[in-house]
Structure formats: structure tokens, C-alpha cells
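Peer 1: below are the sequence and a predicted model; questions follow.
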Amino acid sequence: MTHQTDTLAALLDEPERAAFTELVASTRGTDAQAVRWHSPTRGVLVLGICQGGELLTWFASPAANEVEAAAVQQVFLAGMRLAAATLQAHAAEAAHAADQLIKRVRH
């Protein structure tokens, strides 16, 4: 997380980075897989993907106010849903192709 924290230093001031780190740590032992941090003073929204209280990756976007932050979050979530649906479709196609290959090999 050192590189990620160093990069976040360019986006968030020290108190915000500490609060963001605490927010990420608070996901340990919960079902939370993401966190959201909006800094109106820095004009940025940070969305973090977490696992076990650790930050796996994060995305940032300019967001001057809460309305912009909410809009960015919705666009991000729509993209994640689309990506997940695409991966599911590819997995289903791969499973079907594997089944067909197994059937041909058996005969």
C-alpha cells in the first residue's frame, strides 16, 4: 500500500489521508468491499476497492461538490456493473465451449 499511499498524498492532505486510511481499515471484518471519500477542499472523489481492511486499488476523479461526487460515483458503478456482466458472459461462453469440447472428445 506504500505506493498507493504515496500517490494519494498528491490528492489528499495529511488529515484526509489519515481519515481515508482509517476508513479503509474499518472495513476489516465487514462485508464492505469499497469505500468512498470526497474532499471538497481538494475537489476530488476517491473510490477505494478493499479486502480485509486493506486497500487493493483506488480510482479518483475531480468532484468540486457532493453533486459532482455522486454523479462520478454513479458513472463508476455503472462501468463496474458493465465490466462484471461482460466477464460473466465470457465465463459462460468459455464454460459452454469447454462442455462442447469434452463432448467431442468423449465420442
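Peer 2: Now that the structure is in, tell me what you want to look at.

Peer 1: from here on, contacts and neighbour counts on C-alpha atoms
Peer 2: Will do.

Peer 1: so what does the one helix or strand residue 91 maps to touch, helix or strand wise?
Peer 2: Under DSSP states H and E, the secondary-structure element containing residue 91 is helix 66-106. Applying 3 or more Cα pairs under 8 Å, 6 or more residues apart in numbering; DSSP states H and E, we find helix 66-106 packed against strand 44-51.

Peer 1: pairing partners for the strand it packs on, with directions?
Peer 2: According to DSSP bridges, strand 44-51 forms sheet pairs with strand 34-39 (antiparallel), strand 54-62 (antiparallel).

Peer 1: pLDDT (mean, whole number) over the helix holding residue 91?
Peer 2: Model confidence over helix 66-106, given as mean pLDDT, is 89.

Peer 1: quick one, that helix and strand 44-51 angle?
Peer 2: 40 degrees (axes from the mean of the first three to the mean of the last three Cα atoms, to 10 degrees).

Peer 1: now do the buried residues in stretch 50-61.
Peer 2: In terms of neighbour count (16 or more other Cα atoms under 10 Å), stretch 50-61 has its buried residues at 50-55, 60-61.

Peer 1: correction: stretch 67-75
Peer 2: Within stretch 67-75, the residues scored as buried using 16+ other Cα under 10 Å are 68-69, 72-73.
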